[in-house]
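Q: Fold the following.
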Amino acid sequence: MEEIVALYARDELPGRPVGSAPRGRMRADNLPHAAAKILVRDASGRVYVHRRTDTKDLYPGLYDVWVGGVVTAGEEPDETAERELAEELGVQGCALRLVGRHWFRDPHTHFLAHLYETVYEPAVHGPIVHQPEEVAEGWWLTWDALQTRLADADWPFVPDGRALLAHYEGLCGT
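A: Next comes the predicted model:
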């Protein structure tokens with residue numbers, strides 16, 4: 001059965017659901033929806049970077065720092081964030097902090113990002129285990145090393161991730 005996605009009022013903040021649609025229709029018609037996006041850091045401040053699988057419906061095979069996904073019909077963004085962190089990285093019990101919301105739109109997607117950050121501690125949260133359908137590989141980078149990679153316009157990084165990181169930096173001063 002196809003996932004039913006919550007559709008959101010276009011370009012409103014903080015955003016509100018106004019309907020729903022099957023995921024395929026949302027993608028095909030580029031309908032405005034919401035997503036939870038989680039930046040995972042470790043105790044030393046490094047950021048978890050991953051490469052999306054080549055089978056993803058959006059930006060396949062590209063690099064990203066945001067773990068997350070779409071808000072389904074009847075789901076709250078906080079619930080989505082917890083669910084996606086557990087699904088994609090196998091991580092549960094991390095305290096999630098909402099740091100802001102930001103609309104992103106390009107020819108492929110149009111969504112209200114609910115931006116979260118969390119600190120992952122292996123001794124507390126267990127090992128990172130990638131969901132094979134979502135994450136091909138992952139590793140930790142310092143913030144400076146991430147910025148160096150992002151400065152390379154040829155690094156195949158997701159466009160929404162670049163935009164959301166710029167917004168995150170403005171919010172958090174990182």
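
Q: Count the residues that sit near Phe104.
A: Close neighbours of Phe104, defined as other Cβ atoms under 10 Å, add up to 18. The way it works is simple: take the backbone N, C-alpha and C, and place the C-beta from them, glycine included.

Q: Can you verify it is assigned to a strand?
A: Yes: under the criterion used here (DSSP: H, G, I helix; E, B strand; the rest coil), Phe104 sits inside a strand.

Q: So the closest residue in space to it that isn't next to it in sequence: helix, strand or coil?
A: Leaving out its chain neighbours, the residue that sits closest to Phe104 by Cβ to Cβ, 6 or more residues apart in numbering is Asp160, at 4.8 Å. Secondary structure assignment for Asp160 (three-state DSSP): helix.

Q: Ala6 now?
A: When the rule is three-state DSSP, Ala6 gets the label strand.

Q: Name the residues of stretch 130-139 that come out as buried.
A: Counting neighbours by 16 or more other Cβ atoms under 10 Å, one finds that the buried residues in stretch 130-139 are His130, Glu134, Val135, Ala136, Gly138.

Q: Considering these, which is situated nearest to Pro22?
A: The shortest gap between Pro22 and any of the buried residues of stretch 130-139 belongs to Glu134, at 19.5 Å (Cβ to Cβ).

Q: nearest spatial neighbour of the closest one, skipping sequence neighbours?
A: The shortest distance from Glu134 to any residue that is not its chain neighbour, by Cβ to Cβ, 6+ apart, is 4.8 Å, and that residue is Glu88.

Q: which residues touch that neighbour?
A: By Cβ atoms under 8 Å, 6 or more residues apart in numbering, the contact list for Glu88 reads Val67, Gly68, Gly69, His130, Gln131, Glu134, Val135.

Q: Wait, a strand at it?
A: No: when classified by three-state DSSP, Glu88 is found to be helix rather than part of a strand.

Q: Do you know the pLDDT at it?
A: As predicted, Glu88 sits at a pLDDT of 97.

Q: do the same with the one 3 residues further on
A: Among the per-residue scores, Val91 shows a pLDDT of 94.
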